[in-house]
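> Turn this into a structure:
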Amino acid sequence: MSLSPLAQRVATGIILLAVFLGALFYLSPRIWMLLMFLLLLAAGGEMGRLLGSYGFVRYGVPASPHYIWLLPLGLIAAVTSFFFFVGRSEAEIEQMGLLVSCYALLALLALTVIPWWIARFEKERLKNVRLARAGFAIVGGWSLFCSWLAMVQLQSMSPWLLLAVLVLMWLADSAAYFAGRAFGKHKLAPKTSPGKTWEGALGALLAVTVYALILAPYLLPKSSVLLSLPVVAQWLIWLAMAWLLTVLSVFGDLFESLIKRMADCKDSGTLLPGHGGILDRIDSLLTTVPVAALMVSLLV
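Residues are numbered from 1 along each chain as shown. Next comes the predicted model:
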């Protein structure tokens, strides 16, 4: 007896959550590092397959199968180079400076280049598709690398800290879906992702605000930087960070939707029944977790 699509989605989600939580809390840092690398390597392969898809022919650009191996190879090269560099860095501050630089560059790209691409696509002004596709690969590959760094760093600091960031992302996604279904009337980016609405985005912000207020008494005292500020400033900065992560999760989701729309593909893969591919499940993570790690690095 075959399961319905909804049943498949729920069953797969439960299994994935159980496996992920077990890995997060019980794997050694080295095994966790390897697991996250393999996960993001698979996601890179899916992104490469989308970027090399024949769907781009619609825009006057030929299919490029080399993207299928280009992104995974780029991730391998980036991780290898990172270990080569860190292995010769004796001062911990140098390593932290490297991490902050990586995260800051991704934050800049996620807040400027990605929304610019989406806005251009919505207005049908994304003319040089060949160049845009190359840009997608560069930004996508960098986000994969930074996500690997952030997942490793945050898990080594505290599995609970990483889980708190991921719950924020999952909560924002779920709240946006249900608020959009219930109240959605105004499309957020109809050509890129027809299902997303402004009402859904506001629902996500509201849910994350409540979540941030609940977490504040547990996480605010851990930041010596914030505690040195007036109480009102502490809370405003805290909420601003939560809202920024919510916005970034939306941008990450829309970035993958943009690539899928141009590739004329519904899902990034078929590995996860009811969910599509790995990239479909971690798209918002790619822009959110690295910036969360940047915030932690600067505030703790």
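
> Only C-alpha atoms from now on, for both contacts and neighbour counts.
Noted.

> surely A176 meets G200?
Yes. Counting by C-alpha atoms under 8 Å, G200 is a contact partner of A176 at 3.9 Å.

> which stretches of the stretch 101-250 of the chain form helices?
129-157, 159-183, 198-219, 224-227, 231-263 (DSSP state H, counting those that start in this stretch).

> Can you tell me which of these is nearest to P62?
Of all the helices of the stretch 101-250 of the chain, it is helix 129-157 that lies closest to P62, at 8.6 Å by C-alpha to C-alpha.

> for the closest one, which positions count as buried?
133, 136-137, 139-156 (16 or more other C-alpha atoms under 10 Å).

> ok, now stretch 34-42?
Within stretch 34-42, the residues scored as buried using 16+ other C-alpha under 10 Å are 35-37, 39-42.

> So which residues make contact with it?
Identification of contacts with stretch 34-42 by C-alpha atoms under 8 Å, 6 or more residues apart in numbering yields 72, 75-76, 144, 148, 151-152, 278.

> which residues touch the residue nearest to L202 when sequence neighbours are not counted?
Nearest in space to L202, with sequence neighbours left out and distances taken as C-alpha to C-alpha, 6 or more residues apart in numbering, is A176 at 7.4 Å. Going by C-alpha under 8 Å, 6+ apart, A176 touches 196, 199-204.

> rerun that using 6 Å as the cut-off
Contacts here follow C-alpha atoms under 6 Å, 6 or more residues apart in numbering; on that basis A176 touches 200-201, 203-204.

> swap in D253?
Taking C-alpha under 6 Å, 6+ apart, we find D253 in contact with 283-284.

> for the longest strand that the chain contains, what is the average pLDDT?
Taking DSSP state E as the criterion, the chain has its longest strand at strand 193-197. Across strand 193-197, pLDDT averages out at 92.

> Which elements pack onto that strand?
strand 187-189 (3 or more C-alpha pairs under 6 Å, 6 or more residues apart in numbering; DSSP states H and E).

> so where's the stretch 1-150 of the chain uncertain?
1-7, 86-95 (pLDDT under 70).

> and A63, how many neighbours?
A63 has 17 neighbours, counted by other C-alpha atoms under 10 Å.

> sorry, back to before: give the intersection of the neighbour lists for A176 and G200.
Taking C-alpha under 6 Å, 6+ apart as the contact rule, A176 and G200 touch no residue in common.

> Show me which of the buried residues of stretch 34-42 is closest to L248.
Using C-alpha to C-alpha, the buried residues of stretch 34-42 come closest to L248 at L40, 18.6 Å.

> That closest one and Y103: what is the separation?
Going from L40 to Y103 by C-alpha to C-alpha, to the nearest Å gives 16 Å.

> and what of A176?
26 Å.

> Could you find the closest non-adjacent residue to E122?
Per C-alpha to C-alpha, 6+ apart, closest to E122 is K191, 5.6 Å.

> and if you look at Q155?
Nearest one to Q155, counting by C-alpha to C-alpha, 6+ apart, is L162 at 5.8 Å.

> what about that neighbour, distance to A104?
18 Å.

> likewise A263?
A263 is 29 Å from A104, by C-alpha to C-alpha.

> rewinding a little: switch the buried residues of stretch 34-42 over to TSV; also include secondary structure and distance to V129.
Shown next, in TSV, are the buried residues of stretch 34-42 (DSSP: H, G, I helix; E, B strand; the rest coil; distance: C-alpha to C-alpha, whole Å):
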residue	secondary structure	distance to V129
L35	helix	34
M36	helix	31
F37	helix	30
L39	helix	28
L40	helix	25
L41	helix	25
A42	helix	25
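
> Need the max-distance pair from those residues.
Greatest spatial distance among these (C-alpha to C-alpha): L35 and A42, at 10.8 Å.

> neighbours around P221, how many?
P221: 12 surrounding residues under other C-alpha under 10 Å.

> ok, and the closest non-adjacent residue to it?
Excluding its sequence neighbours, the residue lying closest to P221 (C-alpha to C-alpha, 6+ apart) is L227, at 6.7 Å.
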